[in-house]
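[1] Pasting a predicted model and its sequence here:
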Amino acid sequence: MTEHTFDVAVIGGGPAGLMAAETVARAGKSVAVFEKMPTFGRKFLMAGRGGLNLTHSEDFERFGRRYGARSPTLGPMLKAFSPKDLVAWAEGLGQPTFVGASGRVFPKAMKASPLLRAWLARLEGLGVQLRTRAEWTGWSADGGLLINGEAVRARAVVLALGGASWPRLGSDAAWAPALEGQGAAVAPFRAANCGFDVAWSDLFRERFAGEPLKNIGLRHGEATARGDAMVAGYGLEGGAVYALAAGLRDAIETDGRAVLTIDLRPDIPIETLERRLRAPRGGQSLANFLRKAVKLSPVEVNLLREAHGLDLPAEPAVLAEAIKAAPIALTAVQPLDRAISAAGGVTFESLDGLALKNRPEVILAGEMLDWEAPTGGYLLQACFATGVAAGKQALARL
């Protein structure tokens, strides 16, 4: 076998792996990136189809809390490569950004492809060797990296192999047995940023599947979210739902169901709603009256019926309460291969920093680590930040 030697080998050509490679290459070390798919950044490109949400502009303390139980662990990495650093990095690649109305940060091109092209060109200019269709299958008996049956040696290795969502794009967690064989603990992968099943009536499903729910408030326990959702044939999905997905998923796993309470008019105080509902109804149907009095759409009126029953309360105060708190029972989590991202992965407790305790030359980054976050720029930010941290740890190893 032909043998190649590098200071650092990066396995995985998504944002985390490419950022680790850039960090190492800027220090003047030799680095190669091996990607099993035909092109780099396939999931990154898919994420950019609807407008690439790079990060979020909210204050850092609130930003850090988005990572839940992993906030203390990820916090130092997020500070070391912050949302502001990510914006500066993107603009350094000739991709100016802007902040949307929700605080999310996007490149003005609203696509991932121009950014990725400029990034790959930069990496090549730094001397990074970029290799596609190069599949890592583990280690040889003497510790070398096996890539397409060829021995590759490196003084340090960064694994950025992705999680378990969107397997057709390369994130299939096929690496788990190899790492478990090296003493890593791998928490089971579970769907995150996913939709949930609801037992809609046949009429509601047939009539309103695909209809949006705009600017709603959601509550599950003490957790709340604002934004948009979508009625699906199977249930509910969308950004506002994804923001509460972790708690909803955990409740369903524990209790078999979770109740999501929807406020259809979060910007209108209940007293104002009640006053509007006291207007004379005349001969109008209830649906038409609700459309005129509080601007409820047909999907919203019928969602109220799904939540409270076909006969909605006539008393204005009670009806106002129903609009502000419509309970919807979620019965199951959509499958992992339909999820935007995944919870689970290599636990931080089995790592020293980001390196395997049993193999300190092997450093991990990105979604293969056990963390989760909602959509809104938090996923990509942590992938970039852990990539920078992995690159720095590789340099320290050298």
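    Ah, there it is.
[2] need the longest helix for the chain.
    Longest helix in the chain by number of residues (criterion: DSSP state H): helix 378-397.
[3] Determine the set of other helices and strands touching it.
    Contacts defined by 3 or more Cβ pairs under 8 Å, 6 or more residues apart in numbering; DSSP states H and E place helix 378-397 against helix 15-26, strand 55-56, helix 71-80, helix 83-92, strand 150-159, strand 362-364. Every C-beta, even on glycine, is put in place using the N, C-alpha and C of the backbone.
[4] Which elements pack onto the last one?
    In terms of contacts (3+ Cβ pairs under 8 Å, 6+ apart), strand 362-364 is packed against strand 150-159, strand 355-356, helix 378-397.
[5] low pLDDT regions in the protein?
    Counting by pLDDT under 70, the ranges of the chain that qualify are 1-4.
[6] Which residue ranges make up each domain of it?
    Domain ranges of the chain: 4-190+344-397, 196-333, per automatic domain parsing.
[7] for the helix or strand harbouring Thr272, which positions count as buried?
    According to DSSP states H and E, Thr272 maps onto helix 270-277. Using 16 or more other Cβ atoms under 10 Å as the test for burial, helix 270-277 gives 273-274, 276-277.
[8] and what of stretch 62-73?
    Neighbour-count burial for stretch 62-73 [16+ other Cβ under 10 Å]: 63-64, 66-67, 70-71.
[9] swap in stretch 241-260?
    Buried residues in stretch 241-260, counted by 16+ other Cβ under 10 Å: 241-249, 251-252, 258, 260.
[10] May I have the distance across it, first residue to last?
    End-to-end distance for stretch 241-260, by Cα to Cα, to the nearest Å: 9 Å.
[11] which among the buried residues of stretch 241-260 gets closest to Leu303?
    Of all these, Leu303 sits closest to Leu260, with 11.4 Å by Cβ to Cβ.
[12] wait, the closest one sits on Pro327?
    Yes. At 7.4 Å, Leu260 and Pro327 qualify as touching, with contact defined as Cβ atoms under 8 Å.
[13] which parts of the longest helix of the chain are buried?
    By 16+ other Cβ under 10 Å, the buried positions in helix 378-397 come out as 378-395, 397.
[14] Please apply the same query to stretch 187-200.
    For stretch 187-200, a neighbour-count test (16+ other Cβ under 10 Å) marks 187, 189-198, 200 as buried.
[15] returning to what we had before: for the buried residues of helix 270-277, give me CSV that also has distance to Glu306.
    Below are the buried residues of helix 270-277 laid out as CSV (distance: Cβ to Cβ, whole Å):
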residue, distance to Glu306
Leu273, 19
Glu274, 22
Arg276, 22
Leu277, 20
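[16] Out of the residues you listed, which comes closest to Lys357?
    Leu273 (57.1 Å).
[17] That closest one and Ala325 touch, don't they?
    No. Assessed by Cβ under 8 Å, Leu273 is found out of contact with Ala325, at 11.5 Å.
[18] how about the helices in the stretch 151-300 of the chain?
    Secondary structure of the stretch 151-300 of the chain by DSSP state H, counting those that start in this stretch: the helices cover 176-180, 202-208, 239-242, 245-255, 270-277, 286-294, 298-308.
[19] In PDB, please show the C-alpha coordinates belonging to whatever helix or strand comes next after the last one.
    Next in sequence after helix 298-308, counting helices and strands by DSSP H and E, comes helix 316-324. As requested, the backbone C-alpha atoms of helix 316-324 are provided in PDB (Å, rounded to 0.1, in the frame of the first residue of the first chain):
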ATOM      1  CA  PRO A 316     -66.400  35.500  25.400                       C
ATOM      2  CA  ALA A 317     -64.100  35.100  28.400                       C
ATOM      3  CA  VAL A 318     -64.000  31.300  28.000                       C
ATOM      4  CA  LEU A 319     -63.500  31.600  24.200                       C
ATOM      5  CA  ALA A 320     -60.700  34.100  24.700                       C
ATOM      6  CA  GLU A 321     -59.000  31.600  27.000                       C
ATOM      7  CA  ALA A 322     -59.400  28.800  24.400                       C
ATOM      8  CA  ILE A 323     -57.700  31.000  21.800                       C
ATOM      9  CA  LYS A 324     -54.800  31.700  24.200                       C
END
